[in-house]
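[1] output the structure for:
(one chain, ligands or ions: 1)
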Amino acid sequence: MGITDIADDLVRGLGGIGTGLAAPFSDPVVRLGVTGLSRAGKTVFITSLVANLLDRGRMPGLRAEAEGRVLSTFLQPQPDDTIPRFDYEAHLAALTGSEPRWPESTRAVSELRLSFRLREGGMFGPLRGPRTLHLDIVDYPGEWLLDLALMDRDYAGWAEEVLERIAGRAEAAGYLAALKGIDGAEPLDEPCAKALSERFAAYLNAARAAGYSDCTPGRFLLPGELAGSPALTFAPIPKPGAAPRGSLWREMERRFEAYKTKVVKPFFRDHFAKIDRQIVLVDLLGAIHSGPRAVEDMRRAMAGILDAFRPGRSGWLTGLLGMRRVDRILFAATKADHLHHSQHAKLTQIAAALMREAKDRADFAGAGTAAMSIAALRATVEETVRHNGDTLDCVRGRLMSGKEAAFYPGDLPDTPGQLLAAAREGAAEWLDADYEVMNFAPARLSLKPGEGPPHIRLDRAAEFLIGDKL
Ligand code: GDP
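    Numbers count the residues shown, from 1 in each chain. As a prediction, this is how the structure comes out:
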């Protein structure tokens, strides 16, 4: 155990005291992590969850609410002085204004505290006074979790693997062209290092847009406050026969190590290590629409993300976490309002199959896990349309252009195996099906008092994640 490890443990230990019991008030705190790759739906999820916890008319699946034990809920000042507050009010205003629009997506870590005043259940519950529970919701990019896989890589191995993986990808053509003529043995030339890292970041962004999920280093996509810093100014280059000190390759190697110790590790120590419950959001429909390769890639990315929750996954992470564990993990396919409810079970099964695979590799040490399909904000209504003598179960919504349209996304297979096998075999396209997704705008809402925005199974997701604490 090195000095940094010991220091980490100390920090962790203190963190444990602070988070378990929020001195000086000593009301219990549950820290709920919300993650997922970019555009998975984290911002919309948190906004709608908070709105629906504040006004619980649409939350019958939350048991404490159904039993009348939630006396009140209210937002509190964000308890961590150094973490930006999740901009709930601005996001809610975007979603529920007279011209509703989707809010700005997650770019970095943010946090929000919602507190519950609760009546105890059971025969003697009413005799005891009400209690308070704080729910700290921590929003962070899934891309940053994927960086965990870098922790036990060295630069040479990482660079080799990345270059191999991207060799056949059209999105990487620009970066690979820029590598031609680069000799890692030459002395470092800063503009050259910068240009390479920018090209590589451009590749990662293009790969993300094309539906690939294996896009690390995560901060290249979402740099947060680190944009332009040396720890982000590296890229994978082939190892030269000899790489003397001061050479481009050596410096790339040094920066890769700096990225691990100064960027990845602090994130895990300061944010990840304090989480009690976790929801991982996946835009599974989006990946299915992009095709088998995107699904296979998402499968790998999800396995990578879930890896972070496997105790014993990595020595230093185990040291960081101590006895602390995330004890519930919900894997949720988002935007289920793109599908008629008759297909929700199939979507859930695909999500469950993706999760099961990660689980089979190692159990999450007793953590409760579940898969669901949800829509944090329902933007559509269901409609059955007759088409060439058939009936099609469609959804209808407002397109981004403002026009209304009914839409049939395609029929998901009855068993997830079909879809996942095609993905795994590297098929270029789905054999006998075509899946569409449509960008619906948020619907105009007229909420009754006491009602949050319409959703699909948000209450069940909340019950799974925090129901036992209420
Ligand atoms: P983030 O990057 O994970 O924070 O993703 P966002 O929450 O910003 O969501 C990305 C986009 O997905 C939004 O702009 C919407 O277009 C879409 N989206 C997210 N949640 C929903 C939902 O519940 N229903 C629908 N129809 N679209 C959603």
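
[2] only C-alpha atoms from now on, for both contacts and neighbour counts.
    Fine.

[3] near the ligand, which residues of the stretch 201-350 of the chain?
    Near the ligand, the residues belonging to the stretch 201-350 of the chain are Lys335, Asp337, His338 when assessed by C-alpha under 6 Å from any ligand atom.

[4] pLDDT score assigned to the last one?
    I take that to be His338. The predicted local confidence for His338 comes out at a pLDDT of 94.

[5] then the first one?
    What the model reports for Lys335 is a pLDDT of 96.

[6] so it is in contact with Ala375, correct?
    Yes: using C-alpha atoms under 8 Å, Lys335 is in contact with Ala375, at 4.6 Å.

[7] mind checking which of these two has more residues around it?
    For Lys335 versus Ala375, neighbours defined as other C-alpha atoms under 10 Å are more numerous around Lys335 (26 against 22).

[8] any idea how far that one is from Pro100?
    17 Å (C-alpha to C-alpha, to the nearest Å).

[9] the helix or strand containing Cys192 packs against which elements?
    With the criterion set as DSSP states H and E, the secondary-structure element containing Cys192 is helix 190-209. When contacts are defined as 3 or more C-alpha pairs under 8 Å, 6 or more residues apart in numbering; DSSP states H and E, helix 190-209 packs onto helix 173-179, helix 218-221.

[10] now mean pLDDT and mean neighbour count too, for those, in CSV please.
    Rendered in CSV, the data for those read as follows (pLDDT from 0 to 100; neighbours: other C-alpha atoms under 10 Å):
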stretch, mean pLDDT, mean neighbour count
helix 173-179, 95, 16
helix 218-221, 90, 23
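
[11] before we move on, back to that, need the residues that contact the helix holding Cys192.
    Counting contacts by C-alpha atoms under 8 Å, 6 or more residues apart in numbering, the residues outside helix 190-209 that touch it are 171-172, 174-175, 178-179, 213, 215-216, 220-221, 232-235, 248, 252.

[12] just the C-alphas of that helix, formatted as PDB.
    Taking Å, rounded to 0.1, in the frame of the first residue of the first chain, the C-alpha atoms of helix 190-209 are listed here in PDB:
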ATOM      1  CA  GLU A 190       3.800  20.500 -27.700                       C
ATOM      2  CA  PRO A 191       1.800  21.700 -30.700                       C
ATOM      3  CA  CYS A 192       2.100  18.200 -32.100                       C
ATOM      4  CA  ALA A 193       0.900  16.600 -28.900                       C
ATOM      5  CA  LYS A 194      -1.900  19.000 -28.700                       C
ATOM      6  CA  ALA A 195      -3.000  18.500 -32.300                       C
ATOM      7  CA  LEU A 196      -2.900  14.700 -31.800                       C
ATOM      8  CA  SER A 197      -5.000  14.900 -28.600                       C
ATOM      9  CA  GLU A 198      -7.500  17.100 -30.300                       C
ATOM     10  CA  ARG A 199      -7.800  14.800 -33.300                       C
ATOM     11  CA  PHE A 200      -8.300  11.900 -30.900                       C
ATOM     12  CA  ALA A 201     -11.000  13.700 -29.000                       C
ATOM     13  CA  ALA A 202     -12.600  14.500 -32.300                       C
ATOM     14  CA  TYR A 203     -12.600  10.800 -33.100                       C
ATOM     15  CA  LEU A 204     -14.100  10.000 -29.700                       C
ATOM     16  CA  ASN A 205     -16.900  12.400 -30.300                       C
ATOM     17  CA  ALA A 206     -17.600  11.100 -33.800                       C
ATOM     18  CA  ALA A 207     -17.500   7.600 -32.500                       C
ATOM     19  CA  ARG A 208     -20.000   8.500 -29.800                       C
ATOM     20  CA  ALA A 209     -22.300  10.200 -32.300                       C
END
